[in-house]
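Undergrad: The following comprises the amino acid sequence and a computationally predicted model.
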Amino acid sequence: MNPLITLSGFEKRFGEVRAVHPLDLEIVAGESFALLGPNGGGKTTILRALVGLHTPTAGRVIIDGHDIVAEPDSVRDLISYVPQRVGMPGLLTGREVVTFFSQLKGTADERIGEVLDLFALTESADRYTREFSGGMMQRLGLAVAFLQDVPLYIFDEPTLNLDALGIECLQNLLKAKQQNGTTVVFASHSLHYAMQLADRVALLVEGRLVRVEEVPLFRDTIIREMRVRVVLDHSTDEMIVAARLAGAESLDQNGKQIWFRAIPEKRLDVFRAIEGAGGNIREIHTETPDWEALIRDYLDSEEESG
Amino acid sequence: MNQNIWVISRQEFTLNRRNRWVVSFAVLFAILTLLIAWFGMITSGYTGFQDFIRTSASIINLGGFLIPLFALLLGVFSFLTNPEYLELLTTQPVPRSQVLLGRYLGLVMTVLGASILGFGLPGIVIALVIGVEGALSYLLVICYSFLLAIAFTGLSVLISLLSGRRQIALGIALAVWIFYELLYGILILGTTLYLSPATLKVVLSLGLLGNPIDIARVLSLLQVGGPHLFGPAGATLIKMTGSSFLASVIGLAGLLIWVVVPVLISIRVFNKQDL
Amino acid sequence: MPITALLALLLVNQTPSTDVPRAVHVVKAGQSIALALQKAAPGDTIRVTTGEYYENLVIDVPVVLTGPVNRTVPVDPSDPSPHSRPIIRGGYEGNVIHIIAPGTVVDGLQVSEAGPQLTKDYACILVEADSVKIRNCVITEPLHGIYVKAGIHAVIEDNVIRGRLDLIESDRGNGIHLWNTKRNFVLRNEIVDVRDGIYFSFADSTLIEGNHIHQVRYGLHYMYSNYNSFRDNLFERNVAGAALMYSHDIEFTRNTFARCRGFRAYGILYQSMDHVTARDNLVLDNSRGIFMNNAGNNLIEGNDVVDNDLAIQLNGGCDGNIFVGNNFINNLSSLLLDVSDRETAWSDRGRGNYWSDYDGYDLDRDGIGDIPYSIQNVFQILESRVPEVRFYLLSPAARILELAEKSLPILNLGDARDPLPVMRPIVNNEVPWQMVAGSNAQGSVIWATVYLILTIALFALLMFWSRRQVSVGSAP
């Protein structure tokens, strides 16, 4: 399949600071692609380069055959972008904002009412946006983004400032869009939403592209990296030893709790081992891995393969 | 002109129209100029053309004082108060140059809106007192002041783009304002203590072109007072340029450069800028 | 006061003798005035009825040549051809009326169409005789209007002289041209659109009173003429007001020199003048008010010098002039010197002048400022060094410089100081403000309305324009 977006040798520096180290990335049409990683990873920088807010320091970004530096105007026609924090002029009403953008995009006037409805803004549409809450503002940004059907939607942390209502609206809409072959690229530091929405993810750490992976594979990794917390009446060193023998890693102990990491198939063995060592398990929790754990995992695997 | 530019500029103007600081300024400015005209032309017991020259000069100076400040602050606040919005605008299917021109034009309309009231209303008083002659001269004075206002709007956009951050831009804008308002003239006049008269003729005459406020003031005075208001200097000016009209045309060209160049540079900067 | 005494003596002499009843010859339209003149005896009256007469007259018998009597013919400057006044047309050839008989009176006529050759100095009325009276006449299409050549004791009163607007200024003649003559009276004439209003050359001991001279080149063009007295005249909107040159012992009282604007324009110019007394005059709204070159021992007292771009310019050779008791109000600049000024007295007998931009104080409350007034401020000093400084006239920078100079003197502000500046404007009811009451400006309600409508319309247009966007799609 032809890639819709190609980054080749893309690099971005701000003065001395290297925000994104040279990387290559291809995103194909119809795909939902997530840029994942902790803050400062370079996700936003890449997205802003895609929408033309940043010029690459080196390398090229090509979208649908257009170089974003040489033909920025052609690229802008393909994209709808919602930034992490939507800013709208405070002294316009929601409806005026949408009307204004609909005029810029050249969409039909009927769309104005439709997108306001779509993001549950009809009731507050005639209030000045300076009275809007953060979530409403974000929804307004989405409403503007969905005025027009474009082949490529770009969201920067779409769920971060969005309220629950907005997230629901967005998810429904994106599912519908994806069936039409629309491409979505978004940045997130939330694994949960990333895996719900994305087909593929790229993990970015400190400006480096650590890994690009299909979501099913990525999900496995995450599950592998999940930590299990076991709550007992009390914990003993014998239980730790037993657990380790049963295949648990990264063990930790604190009064009535034991944490460990293990591949899913071995978890039952570990529980049994703990019980065998005299533990009385009351509760079992799984914890989403933190970035550090994930990154460690990837770096380890890279060393192995490298 | 391009539809997008109109849409953006209209929206920019609407925003400013709803801003009570902008409205307050426009009203205050109109009241001040009206008072100047009233006291200069009517309360003082109009005795002669001198009153018209003085009144015009006062209005020109007040306008030359407040309107550039207004334009600079308006531009900086408009461009840098809500940078996310500017970013969002540039990702729309609209070329950056159109985004810039649209917002610039909206600012220009705002500044002109305030200027129309502030310079137009005194015209009523002037026409009431001295009729056609004064009314026509004053009309040109208004045009020059409008051009000055537009020039500083362009400068404010350029300053905003180059400095990027609001605090920095505000500082630069104020510095630019003080420089052109006071320092420039003082520096130029200061040179009279050090240079030879022959050099000074050139420095003082060409120096005018380096400051849009000076150009507008001299053009306006040339209009209301005639070149002889400047005495022998006016005679030299006429001799150099050929006629009062040509001198005005040259001054006007200088002012137009101040109007156009900052905008052109702004477009170039904005087209290549990392936001 | 030698001038006044001399004039008084003249006034007694001027009435012509009317001892014997004289014949009255009536000339009707179509008849010849010249023919009547041939028949007339000295002292006869020739009454010309209303109509047009194409003649070039030479009056060699002392007669009274008059229009219809018992009719007060108003001299209306707005009516160039009052039909009630008989009109004598010279057909643009030579002089129209040439008077060589002493004691001739010309009264109530319109005299028109003198020959245009300046080298011949033609006039509508040429006077080459003594004791001639010309009154109540309208002079149109002149070269010179009334030319008194070598006669003495002419009385020229209540005439209107209108120059030819179809000629360029340098091809026109003068309104009243006095040459080699003395003891004349020029009273209450209106002179407009000629080259120079009243031209004096070797014309002494003349009283000029109540004349209104406007829209000419020089109001007064004046050389080698002494002991003259100017009172209550109004010189306004001329290229230059009154140019006085190479003469002495002149008196100016209650005249107005107003609205002369241009590069070489001034209210009054003194060129090589001595002992001129200017008192209670109004010098208003000129590019330069008073201009002196090589003039000495003149007294300028009790005048109002108001609203001029430059109040006083003193060039070289000025010595012993006294400026005292004047009001200098709202002049853009007070004084321009081309040399240092040590010889001018800016005060006399315990007081100086009132300067509206004096900002000193009067702690002892004697009405006189406690610190001297530096007539030139820093801007004017710079300006006299380099004229181009004036481009910064009325600029904020110039203002700052003046303020800075006052609080922190760095320059020597020259020697021109009024040591005893008066704190409040000097009340002087003699100054003829009523003559230019208000101004010559014609307000225009139409233009005011135009401004009102333009302002509102433009503003409304902007508002309407910006609202259009909001309205689109705002209907739910």
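TA: Now that the structure is in, tell me what you want to look at.

Undergrad: And for the residue of the stretch 151-275 of chain B found nearest chain A, the neighbour number?
TA: Residue nearest to chain A within the stretch 151-275 of chain B: B:Leu275 (4.6 Å; C-beta to the nearest C-beta). Bear in mind the C-beta positions are built from the backbone N, C-alpha and C, glycine included. Neighbour count of B:Leu275, defined by other C-beta atoms under 10 Å in any protein chain shown: 18.

Undergrad: What average pLDDT does stretch C:233-244 get?
TA: The average pLDDT within stretch C:233-244 is 90.

Undergrad: What segments of chain B are helices?
TA: In chain B, the helices defined using DSSP state H lie at B:3-17, B:20-37, B:49-80, B:83-90, B:96-163, B:166-178, B:184-191, B:197-207, B:212-225, B:231-241, B:244-272.

Undergrad: Tell me, how many residues neighbour residue 199?
TA: I went with chain A, as the question did not name one. Residues near A:Asp199, counting by other C-beta under 10 Å: 16.

Undergrad: not quite, I wanted chain B
TA: Using other C-beta under 10 Å: B:Thr199 sits among 12 other residues.

Undergrad: and what of C:Asp166?
TA: 9.

Undergrad: Could you look up the SS state of it?
TA: coil (DSSP: H, G, I helix; E, B strand; the rest coil).

Undergrad: any idea how far it is from C:Glu141?
TA: Distance of C:Asp166 to C:Glu141, computed by C-beta to C-beta, to the nearest Å: 9 Å.

Undergrad: what do you get for C:Ile290?
TA: Distance from C:Ile290 to C:Glu141, by C-beta to C-beta: 35 Å.

Undergrad: returning to that earlier point: between the helices of chain B, which one is closest to A:Ala194.
TA: A:Ala194 sits nearest to helix B:83-90 of all the helices of chain B, at 23.3 Å, using C-beta to C-beta.

Undergrad: Work out the gap between the closest one and the centre of the chain.
TA: Counting by C-alpha atoms, centre = their mean, to the nearest Å, helix B:83-90 is centred 28 Å from the centre of its parent chain.

Undergrad: Please enumerate the helices of chain C.
TA: Using DSSP H, helices in chain C cover C:2-13, C:33-39, C:378-385, C:396-407, C:445-471.

Undergrad: residue contacts, residue 49?
TA: All of this refers to chain A. A:10, A:12, A:55-56, A:61, A:68 (C-beta atoms under 8 Å, 6 or more residues apart in numbering or on different chains).

Undergrad: not what I meant, chain C
TA: Contacts of C:Thr49 (C-beta under 8 Å, 6+ apart): C:26-29, C:68, C:86.

Undergrad: from the residues you listed, which has minimum pLDDT?
TA: pLDDT across the contacts of C:Thr49 is lowest for C:Pro68, at 81.

Undergrad: From the structure, what's the count of residues near that one?
TA: C:Pro68, neighbours per other C-beta under 10 Å, totals 15.

Undergrad: and it, how far is that from B:Val7?
TA: From C:Pro68 to B:Val7 the distance is 80 Å (C-beta to C-beta).

Undergrad: Pull the contacting residues for the residue lying farthest from the centre of chain B.
TA: Distance to the chain centre peaks in chain B at B:Pro93, reaching 32.8 Å (criterion: C-alpha atoms, centre = their mean). For B:Pro93, the contact set (C-beta under 8 Å, 6+ apart) comprises A:73, A:76-77, A:104-106.

Undergrad: Out of those, which is nearest to A:Glu238?
TA: Relative to A:Glu238, and with distances defined as C-beta to C-beta, the nearest of those is A:Arg76, at 64.9 Å.

Undergrad: And that closest one, what's its pLDDT?
TA: pLDDT for A:Arg76: 88.

Undergrad: Mind naming the longest strand for chain C?
TA: Longest strand of chain C, by residue count under DSSP state E: strand C:240-253.

Undergrad: does it come close to chain B?
TA: No: counting by C-beta under 8 Å from any C-beta of the partner chain, chain B is not contacted by strand C:240-253; separation bottoms out at 11.6 Å.
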